[in-house]
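Novice: only geometry, no sequence info:
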């Protein structure tokens, strides 16, 4: 077996897509007489500064001779990678063994690439110690993702699927011709096995990108046949190529557990604490509040693109106990989802007179309250039960705002009730 890993071939402004290049490599492998066991799409740490777009690295698992595989993959990258973009720095790594038998150091590197920040020098040392063939273009930063893609099959156990359909090259950069009614109908047939295809709250077809890349649409889900069926049912302009990828999308593989005082920028966490400030809507529509574990305080934010998710955040109150998930940037958690653990269902109010039912008045500083008509007294404010808009369990951003790697609530496996967005 042979594993071909590649990364950093696309551009935010010029187009291309590393998944498309991987599909081209797979076609070349087949044309050379090899068999392709699977295409692997691995979303790496979404907080990496130098990512091109979705920070995806790709691997092709094949039985082709490693030397032949290296040569044809190199030819495809040289022909198609957007090296004219100053931020695109492709890398290629080829491993001469089965994907599940990578050295421990390579699988550990793959795990770190999803949660941490790595350097090309670290990748080069791992590549050399494993005896892999590799090459790169420009500063070759893509070797980091290429090596991570090689090690990912051994590093992770939870996988989902994406069926990606590609458009004619002459149409790249132009408006996509996709019948949205057919997208919504196809999604309805396969939901929740297939997820994040549409956002019914905004009416958007999430599966259709807006970038100048080769992708026409991408269908994600838990079953390979279901994502293929949905893709086939969509009415659109001509599909010139389609490929199915095994992927870590929708798995929360980027999250690690932490407390509010033990986080750092550029990493994503799952953090439990108590709300200490009333959520505040600031300029731009962003909503902020503070979380604490009693020792440390951590700002949290639901930014404007998360749309209706912000209403759930606004319904939080001080003393609510919650778990938040998201990336930390500039010392603030960018919320992807949160779970209500306990709700503060009381508030302190001025007491009412038990005799006449009127609201008591302050009797003076530190003298409690009294009813001026009846003379009855109370030592201070009293607790009153209140109805809360929130319920226990998990809330999430809508599909339109979800990161590729973030796990949709509809997939299940969460430690509490869920309130999925669709």
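Specialist: Nice, thanks for sending it over. Remember, predicted model here, so these are calculated numbers, not experimental data.

Novice: tell me which residues in stretch 101-112 are buried?
Specialist: Buried residues in stretch 101-112, defined by neighbour count with 16 or more other Cβ atoms under 10 Å: 102, 103, 106, 107, 109, 110, 111, 112. From N, CA and C alone the C-beta is placed, and that goes for glycine too.

Novice: One more: stretch 151-168?
Specialist: 151-156, 159-167.

Novice: and these, which of them are in strands?
Specialist: 160, 161, 162, 163, 164, 165, 166 (DSSP state E).

Novice: Pick the one among the residues you listed closest to residue 288.
Specialist: residue 160 (32.2 Å; Cβ to Cβ).

Novice: separation between that closest one and residue 148?
Specialist: Distance, residue 160 to residue 148, by Cβ to Cβ, to the nearest Å: 18 Å.

Novice: Please apply the same query to residue 368.
Specialist: In this view, residue 368 and residue 148 are 65 Å apart by Cβ to Cβ.

Novice: hang on, residue 245 packs against residue 36?
Specialist: No - here residue 245 does not reach residue 36: they are 11.5 Å apart, not a contact under Cβ atoms under 8 Å.

Novice: For these two, indicate the residue with more neighbours.
Specialist: More crowded of residue 245 and residue 36, by other Cβ atoms under 10 Å: residue 245, with 26 against 19.

Novice: which residues does the more buried one contact?
Specialist: Neighbouring residues of residue 245 by Cβ atoms under 8 Å, 6 or more residues apart in numbering: 19, 22, 39, 40, 41, 58, 161, 162, 163, 164.

Novice: how does it look with 7 Å?
Specialist: Residues near residue 245 by Cβ atoms under 7 Å, 6 or more residues apart in numbering: 19, 39, 40, 41, 161, 162, 164.

Novice: was I right about the fourth one contacting residue 250?
Specialist: Yep, that's residue 41 we're talking about. No - judged on Cβ atoms under 7 Å, residue 41 makes no contact with residue 250 at a distance of 11.5 Å.

Novice: What segments of the stretch 151-300 of the chain are strands?
Specialist: 160-166, 194-195, 215-221, 241-247, 255-258, 267-275, 280-281, 287-292, 297-302 (DSSP state E, counting those that start in this stretch).

Novice: now the fourth one and strand 160-166, what's the angle there?
Specialist: Going by axes from the mean of the first three to the mean of the last three Cα atoms, to 10 degrees, strand 241-247 is angled at 160 degrees with respect to strand 160-166.

Novice: Specify the angle between strand 241-247 and strand 215-221 in degrees.
Specialist: Using the same axes, to 10 degrees: strand 241-247 against strand 215-221 is 40 degrees.

Novice: List the buried residues for strand 241-247?
Specialist: Counting neighbours by 16+ other Cβ under 10 Å, strand 241-247 gives 243, 244, 245, 246, 247 as buried.

Novice: Now do the same contact list for the second one.
Specialist: By Cβ under 7 Å, 6+ apart, the contact set of residue 244 is 39, 161, 163, 224, 228.

Novice: can we see that at 6 Å?
Specialist: Applying Cβ atoms under 6 Å, 6 or more residues apart in numbering, we find residue 244 in contact with residue 163.

Novice: I'd like to know how far it sits from residue 86.
Specialist: 33 Å.

Novice: With the third one instead?
Specialist: Counting by Cβ to Cβ, the separation of residue 245 from residue 86 is 28 Å.

Novice: Which strand or helix spans residue 111?
Specialist: Following DSSP states H and E, one finds residue 111 within helix 104-115.

Novice: any idea where the helices of this structure begin and end?
Specialist: Ranges of helices within the chain are 18-31, 66-80, 104-115, 120-130, 142-155, 180-190, 224-233, 309-314, based on DSSP state H.

Novice: Tell me which of the ones you listed approaches residue 290 most closely.
Specialist: Nearest of the helices of the chain (Cβ to Cβ): helix 309-314, 12.3 Å.

Novice: buried ones in that closest one?
Specialist: Across helix 309-314, burial judged by 16+ other Cβ under 10 Å covers 309, 310, 312, 313, 314.

Novice: residues in contact with the fourth one?
Specialist: Going by Cβ under 6 Å, 6+ apart, residue 313 touches 279, 287, 302.

Novice: Can you lay out the buried residues of strand 241-247 as CSV showing distance to residue 63 and pLDDT?
Specialist: Formatted as CSV, the buried residues of strand 241-247 follow (distance: Cβ to Cβ, whole Å; pLDDT from 0 to 100):
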residue, distance to residue 63, pLDDT
243, 18, 98
244, 18, 98
245, 19, 98
246, 17, 98
247, 22, 98
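
Novice: between the residues you listed, which is nearest residue 256?
Specialist: Using Cβ to Cβ, the buried residues of strand 241-247 come closest to residue 256 at residue 247, 20.1 Å.

Novice: Do I have it right that the closest one meets residue 41?
Specialist: Yes - here residue 247 reaches residue 41: they are 4.0 Å apart, a contact under Cβ atoms under 6 Å.

Novice: neighbours around residue 347, how many?
Specialist: 12.
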